[in-house]
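S.K.: need the 3D shape of this:
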Amino acid sequence: MLRPVVVQEAFTKEVLMLAYADEEALRLTVQTGFAHFYSRSKQRIWKKGEESGNIMRVLQIVEDCDRDALLYLVEFPEGRPACHTGRRSCFFNVVHGEGVKDEVDRFLQKLYRVVEDRKNNPKEGSYTASLFRAGLDQILKKFGEESIEVILAAKHQTKERLISELSDLIYHLTVLMCAQDVSWKEVADELKRRSRKR
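M.R.: Next up, the predicted model:
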């Protein structure tokens with residue numbers, strides 16, 4: 001039995017493609033940790049990226065409620081195309097409605113991963129790594145300083161300067177969140193919870 005497989009980037013939640021898997025493709029995916037599918041046109045099993053090199057590491061496989069469709073949550077680095085057209089996602093033809101802008105969400109997730117990497121794998125000369133080495137008090141101090149600079153820029157300076165200071169603040173906020181193991185998803189979930197109360 002062939003089942004449709006929705007492929008989603010695990011960290012950014014970006015939907016990348018739709019493919020199909022039979023039991024053998026599913027078994028190979030579980031066994032190897034890399035996405036395998038069944039090609040209806042070629043009538044055979046194929047490993048994603050076997051020709052392009054754009055392989056997908058599968059972190060989790062989830063069945064839907066009827067157990068007739070699958071979701072592969074994959075690790076797929078930014079910049080790699082999932083689609084045979086060379087695009088990041090196979091889903092780019094807007095049939096109805098306006099395009100949804102998700103670049104900000106993707107960028108914040110990417111920023112968090114970079115900051116987290118500097119925390120876990122410190123690099124010589126990295127400002128981010130130096131903040132983690134200095135500890136929570138220094139991280140809090142820098143966040144406080146950046147907050148004041150945002151207030152001053154909003155009150156007395158240009159929009160360009162405010163954008164610059166807000167960027168500094170968001171970066172230092174990300175460092176603070178990472179230091180305390182708080183994810184952007186947890187913050188977003190709390191905001192959604194509050195919005196449902198209204």
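S.K.: assumed L59 was part of a strand.
M.R.: Yes. The assignment for L59 by DSSP: H, G, I helix; E, B strand; the rest coil puts it in a strand.
S.K.: correct me if wrong: it contacts A35.
M.R.: No. Contact between L59 and A35 fails when scored by Cβ atoms under 8 Å: they sit 10.6 Å apart. Every C-beta, even on glycine, is put in place using the N, C-alpha and C of the backbone.
S.K.: when those two are compared, which one has more neighbours?
M.R.: Neighbours of L59 and A35, each counted by other Cβ atoms under 10 Å, are more numerous for A35; the result is 27 against 13.
S.K.: look up how far N93 lies from the more buried one.
M.R.: Per Cβ to Cβ, to the nearest Å, A35 is found 23 Å from N93.
S.K.: break the chain into its domains for me.
M.R.: Listed domain ranges for the chain are 3-75, 103-197 (source: automatic domain parsing).
S.K.: and the pLDDT for the closest residue to I55 other than its chain neighbours?
M.R.: The shortest distance from I55 to any non-neighbouring residue, by Cβ to Cβ, 6 or more residues apart in numbering, is to G49 (3.5 Å). The model reports G49 with a pLDDT of 93.
S.K.: which residues do L59 and A35 both contact?
M.R.: The overlap between the contact sets of L59 and A35 (Cβ atoms under 8 Å, 6 or more residues apart in numbering) consists of V74.
S.K.: related to what we said a few turns ago, check the domains of the chain for me: which has the lowest mean pLDDT.
M.R.: Across the domains of the chain, domain 103-197 gives the lowest mean pLDDT, at a mean of 91.
S.K.: where exactly do the strands run in this protein?
M.R.: With strands called from DSSP state E, the chain shows them at 3-9, 15-21, 36-39, 44-47, 57-63, 70-75.
S.K.: gap between E124 and S130?
M.R.: 10 Å.
S.K.: next one: R194
M.R.: Distance of R194 to S130, given as Cβ to Cβ: 35 Å.
S.K.: and what of R87?
M.R.: Applying Cβ to Cβ to R87 and S130 gives a distance of 38 Å.
S.K.: ok, E23 next?
M.R.: To S130, E23 is 51 Å away according to Cβ to Cβ.
S.K.: so which of these two has more stuff around it?
M.R.: Higher neighbour count among E23 and S130: S130, with 14 against 11, using other Cβ under 10 Å.
S.K.: wait, which of the domains of the chain is closest to G97?
M.R.: domain 3-75 (15.7 Å; Cβ to Cβ).
S.K.: and the closest one, how far out from the chain middle?
M.R.: Here the centre of mass of C-alpha atoms in domain 3-75, compared against the chain's by Cα atoms, centre = their mean, to the nearest Å, lies 18 Å away.
S.K.: phi and psi next, for A10.
M.R.: Main-chain torsions, A10, degrees, to the nearest 10: phi -70, psi -30.
S.K.: how many residues are close by it?
M.R.: For A10, the count of nearby residues is 16 (other Cβ under 10 Å).
S.K.: my guess is it contacts P77, does it?
M.R.: No. Judged on Cβ under 8 Å, A10 makes no contact with P77 at a distance of 11.6 Å.
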